[in-house]
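Participant: Mind folding the following:
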Amino acid sequence: MKETFSEKVSQQIGMHSSLLSYINESTEMILSYMKNPNKQFKEITVKNIRIGRLYMIRYNYNGNFIYCPILTIDVRLVHNNYVLYAVNLDYLPYKYKVVLFDVIYKNFTDIFDKNEDIENVVDEKSMKLNFEIVYKILKSGNYDFSITAFNMSKLKNIYEISTSLTHRFIYMNTKNINSSTMKDLYDVLQEGDERKKLEKVKSTYDELSKQYNDDSIEYFKRLKALENWFKLYDL
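Facilitator: Numbers count the residues shown, from 1 in each chain. Model prediction:
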């Protein structure tokens, strides 16, 4: 009988001293690919984004450039702007991400298998996902709030991720990276209201990172609400 996605992940984690070790190693691996892209982790332009794919994006929340690991599920024209709908994987606990991709892998095992033999990520097959399918899966676990709308004109950097890296990608910790990004912005802002606002956001973000609870839906709802604050800024 063929292994499930969760079984594959468990084997990978079992080869490390702890879950934290696996998370740290996965984070460093993805970061190294962002600095030095390759055929499995490739920077692309916005016009080449496809549905049913994994991406790491750098998104402009009105001056705050935030990294978001996403699974794309739809593109729509809203008020003359193209909007990308995606699951922001940062809003899901690690355990639930495994559950989500267990379902996806079960339905698209053939695509995952075929992609293993494809050298360049841009030639890989896409998972046949759409908004409705993914919404129903997430809704069953009360994680439908993780679906996020991104104005495509605000996408700064876009990296397409091979499905063969899924087990690493979903265990990347972007919270520390984004906290550092906010600190860099805070350091260059002049004294004033915007600096004070960002200081409050950064402080709350850092505190949320310390309070991180892998099993708390409320934690991830608070994280999404906090990141939505960034839309208030126009720096």
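
Participant: contacts, neighbours, all on C-alpha from now
Facilitator: Noted.

Participant: Low-confidence stretches in the chain?
Facilitator: Applying pLDDT under 70 to the chain picks out residues 1, 62-63, 176-235.

Participant: Please, where are all the strands along it?
Facilitator: Taking DSSP state E as the criterion, the chain carries its strands at 41-44, 54-61, 64-78, 81-88, 147-151, 155-161.

Participant: Which one of these lies nearest to F101?
Facilitator: Smallest distance to F101 across those (C-alpha to C-alpha): 10.5 Å, for strand 64-78.

Participant: Can you list the helices and strands that the closest one packs against?
Facilitator: For strand 64-78, the contact count by 3 or more C-alpha pairs under 8 Å, 6 or more residues apart in numbering; DSSP states H and E identifies strand 54-61, strand 81-88, helix 131-140, helix 175-188 as packing neighbours.

Participant: So V134 is in contact with T72, correct?
Facilitator: No - V134 is beyond contact range of T72, at 9.8 Å (criterion: C-alpha atoms under 8 Å).

Participant: give me the beta-bridge partners of I161?
Facilitator: Beta bridges link I161 to F41, L54 when assigned by DSSP bridges.

Participant: Going forward, the N-terminal residue is numbered 59.
Facilitator: Renumbered: residue one is now 59, and that last one reads I219.

Participant: Go ahead and confirm it touches K100.
Facilitator: Yes - the pair I219 / K100 is scored as a contact, 6.9 Å apart, by C-alpha under 8 Å.

Participant: Name the nearest residue to the residue nearest the centre of the chain, ignoring sequence neighbours.
Facilitator: The centroid of the chain falls nearest to P127 when counting by C-alpha atoms, centre = their mean (1.6 Å). The shortest distance from P127 to any non-neighbouring residue, by C-alpha to C-alpha, 6 or more residues apart in numbering, is to M114 (4.5 Å).

Participant: neighbours around the one you found, how many?
Facilitator: Neighbour count of M114, defined by other C-alpha atoms under 10 Å: 23.

Participant: For I131, see how far away it is.
Facilitator: Taking C-alpha to C-alpha, to the nearest Å as the measure, M114 falls 14 Å from I131.

Participant: Please apply the same query to L147.
Facilitator: L147 sits 13 Å away from I131, going by C-alpha to C-alpha.

Participant: what do you get for I228?
Facilitator: Applying C-alpha to C-alpha, the value for I228 to I131 is 16 Å.

Participant: same check, this time on I219
Facilitator: For I219, the distance to I131 (C-alpha to C-alpha) stands at 15 Å.

Participant: Compare those two (neighbour count), which wins?
Facilitator: I219 (27 against 24).

Participant: so what's that one up against?
Facilitator: If you count contacts by C-alpha atoms under 8 Å, 6 or more residues apart in numbering, I219 has them with Q98, F99, K100, R111, L112, Y113, M114, V179.

Participant: rerun at 7 Å
Facilitator: I219 is in contact with Q98, F99, K100, L112, Y113, V179, counting by C-alpha atoms under 7 Å, 6 or more residues apart in numbering.

Participant: Please apply the same query to S84.
Facilitator: Counting by C-alpha under 7 Å, 6+ apart, S84 makes contact with R226, F227, Y229, M230.

Participant: what do you get if the cut-off is 6 Å, keeping everything else the same?
Facilitator: By C-alpha atoms under 6 Å, 6 or more residues apart in numbering, S84 lies in contact with R226, M230.

Participant: before we move on, what about S64?
Facilitator: Listed by C-alpha under 6 Å, 6+ apart, the contact set of S64 reads V156, D160.

Participant: Recalculate using a threshold of 10 Å.
Facilitator: Listed by C-alpha atoms under 10 Å, 6 or more residues apart in numbering, the contact partners of S64 are Q70, K153, K155, V156, V157, L158, F159, D160, V161, Y163, H225.
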